[in-house]
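Engineer: Using only what follows, build the 3D model:
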Amino acid sequence: MAQNNGGAPKVVALLAFVGLLGGSWWLNKKNVAPETGTVSGGPLTPAAPDALQRYGFTLTESAKKLGIDFTHTAPKLDPKLEPILPRIADMGAGVAVCDYDKDGWPDLYVTRSGENSKNALYHNKGDGTFEEVGEKLGVADINKDGTGTSQGALWGDFDGDGWEDLLVYKWGRAELFKNDAGKGFTQMTETANLPKWMNANTATLVDYDKDGKLDILLCGYFDEEHDLWHLKTTKIMPDALNFATNGAPKHLLHNEGNFTFRDTTQEMGMTMRSWLLAAVAADLVGSGYPDLFLASDYGKPEIWRNNAGKSFTQIGEEAGVRKQAKSGMNASLGDIFNDGRLSVYISNIWEDGQVMQGNNLWVPKENLPKGKLEYENLADAMGVEKGGWSFGAQFGDLNNDGFQDLYLTNGYISADKTQSYWYDYSTITPANAEIVRDVVNWVPMKGRSLSGYQQKRVWLNDGAGRFTEVAQAVGATDLYDGRGVALADIDNNGTLDVLVANQRGPLLVYKNQADSKNHWLTLSLEAKGSVVGADVTVYWKGHKQRQVVTGGMGFCAQNDRRLHFGLGTDPAIEKVEIRWPSGKLSTIPAPKADQILTVKESNS
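Structural biologist: The predicted structure is shown next:
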């Protein structure tokens, strides 16, 4: 690290400050105003009249019409953090989709982060409306003083009874709830042996040893020794510019049965400390065991190869993803070429004139030896690099043309749109780690914006190696500070709707109207035990598209468990192959298109 001893080194140190968010920045010292927009995050405008014809779909924000009225709140935390509180309390708006009562309609769980605020569970009534039932069913009032506040949630069948249970990860004590056959929930936190306190900003569910029981990976951000409401020190920020070492530990929790867990982090070799914001699990190497891809703020991505359930090995360097530190805030999987390769999309920061990290689209190289994993970043070449201050993103075929598109939300802190915090943000000289890691040395924000009021990105996949941005044209016109994004066909009509959780903003539900000439297939899988980890490939018309049932991916989000495949204009499907979490393989020859097909794992 450059030392600030005057002269040229001082310039180097100032430019190096951009590494505080983990990348190589070009710093413009002018006080540039943020993107224009309204404080409310709107107004929302309808799709262009010709959007359906040109792009094959439109999006219409419909939350209020559906009976969903939810606004995220942020915590106040320790008064010592007040000068830069928007910078600290900048996450926690999450959304997780699950048909918790198994009535065939996907329901929504959304999180708040304000002290004593209530989360919400919106039950899908199947008639085009939702009803809030979280308080009645016992999963709303979990942000009580002294227990921390929610950062996100995940659904998973932890006891193998066929009903999806609920995990809420927090800055504080994570909460675990057993699903009582869709009639209510019983809190299991006290006996589950979860960490008593950690500042978790992401988690994912994975049966890492394939014993049939769903395990938990909780990933920390601020070190868990810090109670952000009662700080013993204000030295809580990163200790290095490009690869901070004072982040939090992970907790890999092995499911011992009966809603009890054992911390196996040390024995599995996952001792690296990081500022983690996103995690996804899937068999990336091809070993039959789920690997882990983690996105790190103030650092580099991590890939953990699963060694047959006995240990994990960090292989990010040999896989080619740890060449540069950035501000990783999302990890999503997509088979963008319809060839069975799972690409990984990591969101970072792009602000013209300030920071040009750019998002990463890590595409596996072809024709590698068995067991070898190596990626190349094709974000720039494919047109999905520049996404503003990016957060949650998901791949999904929004127009059912047979290729997975990409929805990205963004925007960091939208406050006074006439004043930017960018210049003062750069004035703290990071030459001395002791200075930059102490909150008291940071310039107060005083109501200014930082990469706020940003336009979202909807990138259409043309199937030929290029994405086209169409957000404004198709109706995704909000300017809120987006965080979690989830995809779900909430009305069972064969199109993927988009759910966006916004920091200090409303939950948005973009209803999708897609061109009816395109066909689709949705698979609802019922495994023996948890379905997380099921690996599916659909073959049609020279294509083969692979999707995985994950235990959460993106940023603070979980998609519908059902897997949606757009097919284009030809409804003829050759076959569907399902590799169940148990390792068994099922093949369905020539299923009909345009249906939600339920498939149960057989004994054979």
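Engineer: What is the burial count for residue 592?
Structural biologist: Number of residues near residue 592 (other Cβ atoms under 10 Å) recorded here: 11. Every residue, glycine included, has its C-beta placed from N, CA and C.
Engineer: Next up, phi/psi of it, please.
Structural biologist: With angles defined as degrees, to the nearest 10, residue 592 sits at phi -70, psi 150.
Engineer: Name the nearest residue to residue 291, ignoring sequence neighbours.
Structural biologist: residue 284 (4.4 Å; Cβ to Cβ, 6 or more residues apart in numbering).
Engineer: and the one you found, what pLDDT?
Structural biologist: Confidence at residue 284, expressed as pLDDT, is 98.
Engineer: what does residue 37 give?
Structural biologist: On pLDDT, residue 37 comes in at 31.
Engineer: doesn't residue 373 make contact with the residue nearest to residue 291?
Structural biologist: Yes: counting by Cβ atoms under 8 Å, residue 284 does reach residue 373; the two are 5.9 Å apart.
Engineer: Between those two, tell me which one has more neighbours.
Structural biologist: Using other Cβ under 10 Å as the criterion, residue 284 and residue 373 rank with residue 284 on top: 26 against 19.
Engineer: and the residue lying closest to residue 589 once chain neighbours are set aside, how many residues sit next to it?
Structural biologist: Leaving aside its sequence neighbours, residue 589 sits nearest to residue 575 (Cβ to Cβ, 6+ apart; 5.1 Å). Per other Cβ under 10 Å, the neighbour tally for residue 575 reads 14.
Engineer: how far away is residue 201 from residue 79?
Structural biologist: 22 Å (Cβ to Cβ, to the nearest Å).
Engineer: quick one: which of those two has more around it?
Structural biologist: The neighbour comparison of residue 201 against residue 79 (other Cβ under 10 Å) goes to residue 201, with 28 against 10.
Engineer: Phi and psi next, for that one.
Structural biologist: phi -110, psi 0.
Engineer: Pretty sure it sits against residue 221.
Structural biologist: Yes: judged on Cβ under 8 Å, residue 201 makes contact with residue 221 at a distance of 4.1 Å.
Engineer: Quick check: neighbours shared by these two?
Structural biologist: 276, 277 (Cβ atoms under 8 Å, 6 or more residues apart in numbering).
Engineer: hang on, the earlier thing: find the residues that touch each one of residue 284 and residue 373.
Structural biologist: 303, 305, 364.
Engineer: who wins for neighbours among those residues?
Structural biologist: Highest neighbour count within the shared contacts of residue 284 and residue 373, by other Cβ under 10 Å: residue 303, with 25 neighbours.
Engineer: got a list of what that residue touches?
Structural biologist: Applying Cβ under 8 Å, 6+ apart to residue 303 gives the contacts 284, 291, 292, 293, 294, 314, 315, 316, 319, 321, 373.
Engineer: With residue 132 instead?
Structural biologist: Under the criterion of Cβ under 8 Å, 6+ apart, the neighbours of residue 132 are 120, 121, 122, 123.
Engineer: show me where pLDDT drops low in the stretch 1-150 of the chain?
Structural biologist: Applying pLDDT under 70 to the stretch 1-150 of the chain flags the ranges 1-40.
Engineer: Strands of that one, start to end?
Structural biologist: Assigned by DSSP state E, counting those that start in this stretch, the strands in the stretch 1-150 of the chain fall at 57-61, 95-98, 107-110, 120-124, 130-132, 148-156.
Engineer: isn't residue 182 right up against residue 161?
Structural biologist: No: Residue 182 lies out of contact with residue 161 (Cβ under 8 Å); the separation is 11.3 Å.
Engineer: And these two? Which one has more around it.
Structural biologist: Remark: of residue 182 and residue 161, residue 182 carries more neighbours, 16 against 13, as counted by other Cβ under 10 Å.
Engineer: Make sure the more buried one is indeed in a strand.
Structural biologist: No: going by DSSP: H, G, I helix; E, B strand; the rest coil, the assignment for residue 182 is coil, not a strand.
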